[in-house]
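S.K.: Mind folding the following:
(one chain, ligands or ions: 2)
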Amino acid sequence: MALNLKTLVNHAPLSSSRQDIHGVSPKPTSISFSNSSCLQGFGTQIATHRKKDPFSFQQTAAVRHLTGSLTHNEGLRFAVVVARFNEIVTRPLLEGALETFKKYSVKEEDVDVVWVPGSFEIAVVAERLGKSRKYHAVVCIGAVVRGDTTHYDAVANSAASGVLSAGLNSVPACGLLPENLASVPLEGVPCIFGVLTCDNMEQALNRAGGKSGNKGAEAALTAIEMASLFESHLK
Ligand SMILES: Nc1c(NC[C@H](O)[C@H](O)[C@H](O)CO)[nH]c(=O)[nH]c1=O
Ligand SMILES: CC(=O)[C@@H](O)COP(=O)(O)O
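M.R.: Ligands and ions are numbered 1, 2, ... in the order given. A predicted model of the protein is given here:
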C-alpha cells in the first residue's frame, strides 16, 4: 500500500521533533553567521519509511548552524591576560589583540588588560576573571620559547591546560554576583589560548606581527566569536 507521506509527517511523534536550546519547538529561527549574513533555519519535516515497518519513519529538522557573529558586539566585555615574560613578543601580540577589538567595534572601555609575570601565571588569573562575571571572554597571551632544558614543556603544557581549565571552571562563587552584571553567563566563560609555544625567538616574532601574522589578533577575533556564540545561542 502506498503510504501518504504527508499523513505520516503530520502524525510524527512530537518527541522526535527538534527543539532549540531554549526548549522551543521548531519554527523559523534567525541564525547569525560570522560573515554577518543571516539565514532562516526552518524546522523542516522530512519523512521516510522503511519497507518492513510502514510506521517507522524519521522526522528530522533541518540542521541548524549556530555560530557567533563578529559584527554584533554591543555590550560584550573582554579581558586580556598577558605575560610579561618575552615581552618583546607579547607586547605586539597584545597590540594585535587590542587593534582587532577596535576594528570590530568593541569599545575601549569594554576591554581590561591584566599583566602577569609569565605564561605559567596566566591561567589562575584567567579563571579569576572568568568567575568575576565581568567578561564575556578572556584572551590569554604569552610566548613560551624553548630553552636548553625541559622547562619549556612544563610551562607550555601548564599554560595550555590551565587556560582550558579556566574556561571550564569559570563558575562564579555564590553571593559574589553583582546584580548589574547579571547578564554575563553563569559558567563556562570562553578563555582563548593566545599563547605562542615556539622552538625559537624567530618563530615567535614571526607570529607576533611578522610574516606569519599576529596570533594576538587572531585570539581576539576568536574571543569575539565565542563571546557572541555564548551570548546569542548558549545561554
Ligand atoms: N620560560 C618562559 C616562561 N617562564 C616563566 C614562567 O612562566 C613562570 O613565570 C615562572 O616559572 C614562575 O612561576 N614564561 C613564559 O611566558 N615564556 C617562557 O618562555
Ligand atoms: C620556557 C622557559 O622557561 C625557558 O626560557 C627555559 O629555558 P631553559 O630551559 O634554558 O632554562
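
S.K.: in which helix or strand would I find the one residue in the chain that gets nearest to ligand 2?
M.R.: Residue nearest to ligand 2 within the chain: Gly147 (2.1 Å; CB to the nearest ligand atom). C-beta coordinates here come from the backbone N, C-alpha and C atoms, glycine included. For Gly147, there is no enclosing helix or strand under DSSP states H and E.

S.K.: And Gly209, by the same measure?
M.R.: With DSSP H and E as the test, Gly209 turns up in strand 208-210.

S.K.: Val81 now?
M.R.: For Val81, the element it lies in under DSSP H and E is strand 78-83.

S.K.: Show residues contacting that strand.
M.R.: Contact partners of strand 78-83, identified using CB atoms under 8 Å, 6 or more residues apart in numbering, comprise 90, 93-94, 97-98, 101, 106, 110-119, 121-122, 125-126, 129, 134-143, 195, 220, 223-224, 227.

S.K.: what about 6 Å?
M.R.: Strand 78-83 is contacted by residues 90, 94, 97, 111-116, 118-119, 122, 125-126, 129, 135, 137-142, 223 when judged by CB atoms under 6 Å, 6 or more residues apart in numbering.

S.K.: Spatially nearest residue to Phe193, not counting backbone neighbours?
M.R.: Once flanking residues are discounted, Phe193 sits nearest to Val163: 5.0 Å by CB to CB, 6 or more residues apart in numbering.

S.K.: Can you list which of the contacts of strand 78-83 are found in helices?
M.R.: Mapping the contacts of strand 78-83 onto helices (DSSP state H) picks out 90, 94, 97, 122, 125-126, 129, 223.

S.K.: Give me the buried subset of the contacts of strand 78-83.
M.R.: Buried by 16 or more other CB atoms under 10 Å: 90, 94, 97, 111, 116, 118-119, 122, 125-126, 129, 135, 137-142, 223, out of the contacts of strand 78-83.

S.K.: Next, the contact list for whatever residue of the chain ends up closest to ligand 1, please.
M.R.: Per CB to the nearest ligand atom, Gly118 is where the chain lies closest to ligand 1, at 2.3 Å. By CB under 6 Å, 6+ apart, the contact list for Gly118 reads 83, 85.

S.K.: Alright, that wraps it up for me.
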